[in-house]
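Participant: Dropping a prediction and its sequence here:
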Amino acid sequence: MDTIKKIWKLLEQVPDPEIPVLSVVDLGVVRKVNLNNDEIEITITPTYSGCPAMNQFEDDIKSYLQKNGFQKVIIKTIYSPAWTSDWLTEKAKEKLEQYGIAPPVEKTTDKHFILGKQPTVRCPQCKSTNTKMISQFGSTACKALYQCNDCKEPFDYFKCL
């Protein structure tokens, strides 16, 4: 297997420290993998500026690659283009819902998002769309707190960012 492909496969095993069912690849945080002789350079983008998980991302990526035989690992953080929830893979959205977090239901280019209107969010427990936002902020800044009007369960919604 090509070395770069092998590294991407390994990165698919590095979990997001805040949502462990997602990998750093699922999340879209890993932007590029470069190989320069025996040095691996991983380019990442934070989900938002000031994201408290960034140091953990770096440490986890480095240690996992080193554990798998890649000793010289450099992590490069870029801020442009800014991360967007559009970078979540479809697999990531499915994993989020199975985990109990409603995935983003729109793209950042969608009219509703641009106009600032609340999207119709499906409850990850009972699949009802009869839901309401309780708070702009959920368990982390990238999530909003919703409640299902049918099953009455509260849940996080991964915001379209």
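Facilitator: Noted; the coordinates are in hand.
Participant: Next one: the residue lying closest to residue 28 once chain neighbours are set aside relative to residue 59, how far apart?
Facilitator: Leaving out its chain neighbours, the residue that sits closest to residue 28 by Cβ to Cβ, 6 or more residues apart in numbering is residue 87, at 2.8 Å. C-beta: built from backbone N, CA, C; applies to glycine. Using Cβ to Cβ, to the nearest Å, residue 87 is found at 22 Å from residue 59.
Participant: Please say which of these two ends up with more neighbours.
Facilitator: Ranked by neighbour count (other Cβ atoms under 10 Å), residue 87 and residue 59 place residue 87 first, with 17 against 12.
Participant: Dihedrals phi and psi, the more buried one?
Facilitator: phi -80, psi -10 (degrees, to the nearest 10).
Participant: Repeat that for residue 63.
Facilitator: Torsion angles, degrees, to the nearest 10, at residue 63: phi -70, psi -40.
Participant: which residues does it contact?
Facilitator: Neighbour list for residue 63: empty [criterion: Cβ atoms under 8 Å, 6 or more residues apart in numbering].
Participant: Could you report the pLDDT at it?
Facilitator: As predicted, residue 63 sits at a pLDDT of 97.
Participant: Use 836 as the first number from now on
Facilitator: Got it, first residue is 836 now, which makes that one residue 898.
Participant: how much space between it and residue 867?
Facilitator: Residue 898 is 20 Å from residue 867, by Cβ to Cβ.
Participant: And residue 843, by the same measure?
Facilitator: The value you get for residue 843 to residue 867, if Cβ to Cβ is used, is 10 Å.
Participant: now do residue 960
Facilitator: Distance of residue 960 to residue 867, given as Cβ to Cβ: 37 Å.
Participant: likewise residue 855?
Facilitator: 24 Å.
Participant: Look at the two and report which has more neighbours.
Facilitator: Legend: neighbour count by other Cβ under 10 Å for residue 855 and residue 867, higher for residue 867 (12 against 9).
Participant: Show the backbone phi and psi for residue 918.
Facilitator: Residue torsions, per degrees, to the nearest 10, at residue 918 are phi -60, psi 150.
Participant: cool, and residue 866?
Facilitator: phi -100, psi -30.
Participant: What's the separation between the residue nearest to it when sequence neighbours are not counted and residue 924?
Facilitator: Counting by Cβ to Cβ, 6+ apart, residue 878 is the residue found nearest to residue 866 once chain neighbours are left out, at 4.6 Å. Distance, residue 878 to residue 924, by Cβ to Cβ: 17 Å.
Participant: before we move on, what about residue 957?
Facilitator: Counting by Cβ to Cβ, the gap from residue 957 to residue 924 is 18 Å.
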